[in-house]
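J.: got a predicted structure here, sequence first:
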Amino acid sequence: MSSVSETIVREYFELHTFLVRQHRKYIVQTRREEDDIDFFVLNPKPRVREGEAPFVLGSNDLEFVERAIVVVKGCHTETFSPAVLANAPEIFRFVEPKVFQQAARAFGQDGPPLKILVVPTLPHAAQARNESIALLRAKGVDAVIPFRTMLTDLVAKVEVNRNYQKSDLLQVIRILKNYDFFKEPQLELFKPRRKKR
């Protein structure tokens, strides 16, 4: 996983007040099972959900997540279609019992954490999307978060008049927003534009 993707995921969870721990900051010479886990996230003040959680999580769903193992897979130009998932068994290595149990020990004995997979995108066609979700569930993934959800939320929450000097990603987003490089959401098509400086 590239450091840019790691940064996006970390900033997103921290934006939602999660405590984020990266599994390891160095690259190991030999591939081991625990290398598949990217982050452990913990919500210090989770809310209790009434009913079942959605499989594709949005930003509003995060407040109900208590703790999770987060894995980021795929490049940003790939769709996680049923064909891609069927031909890439390494995507699911983190849900194998040995790997998951080893990772779950980081959280103690309060029950198993969620297994969240961060994906570039799922198919847009309903049938292919449903097949992808069914395959992910069957392999043991509890939820997915698309990168679009994360990036949309980060862009929306960054304020132009704040200095994010401790985060290169947020600072770049702030600068791009300041120079009107991001389009307004479609529903705000007729919103008056900000005055130029």
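T.: Everything's here; your move.

J.: what helices and strands are in contact with the helix-or-strand element of the chain with minimal mean pLDDT?
T.: Of all the helices and strands that make up the chain, helix 97-104 has the lowest average by mean pLDDT, DSSP states H and E, namely a mean of 73. Counting by 3 or more C-beta pairs under 8 Å, 6 or more residues apart in numbering; DSSP states H and E, the packing neighbours recorded for helix 97-104 are strand 67-72. Where you see a C-beta, it was placed from the backbone N, CA and C, and this is true even at glycine.

J.: show the pLDDT at residue 192.
T.: Per-residue confidence at residue 192 stands at 56 (pLDDT).

J.: scratch that, residue 44 is what I was asking about
T.: pLDDT, residue 44: 94.

J.: mind listing what the helix or strand that the least confident helix or strand of the chain is followed by pairs with, with the direction of each?
T.: Proceeding N to C from helix 97-104, the next assigned helix or strand is strand 114-119, under DSSP states H and E. Partner strands for strand 114-119, per DSSP bridges, with pairing direction: strand 67-72 (parallel), strand 143-146 (parallel).

J.: now the least confident helix or strand of the chain against strand 67-72, angle please.
T.: 120 degrees (axes from the mean of the first three to the mean of the last three C-alpha atoms, to 10 degrees).

J.: buried residues in helix 97-104?
T.: By neighbour count, and taking 16 or more other C-beta atoms under 10 Å as the criterion, the buried residues in helix 97-104 are 99, 100, 103, 104.

J.: just to revisit the earlier point, go through the strands paired with strand 114-119 and find the least confident stretch.
T.: Sorting the strands paired with strand 114-119 by mean pLDDT places strand 67-72 lowest, at a mean of 91.

J.: quick check, distance from the least confident helix or strand of the chain to the centre of its chain.
T.: Taking C-alpha atoms, centre = their mean, to the nearest Å, the mean C-alpha location of helix 97-104 is offset from the chain mean by 20 Å.

J.: go on, stretch 147-156?
T.: Relative to its chain's centre, stretch 147-156 lies at 10 Å (C-alpha atoms, centre = their mean).

J.: rounded mean pLDDT for that stretch, please.
T.: Predicted confidence along stretch 147-156 averages 94 (mean pLDDT).

J.: just give the number of residues close to residue 115.
T.: A count of neighbours around residue 115, defined by other C-beta atoms under 10 Å, yields 23.
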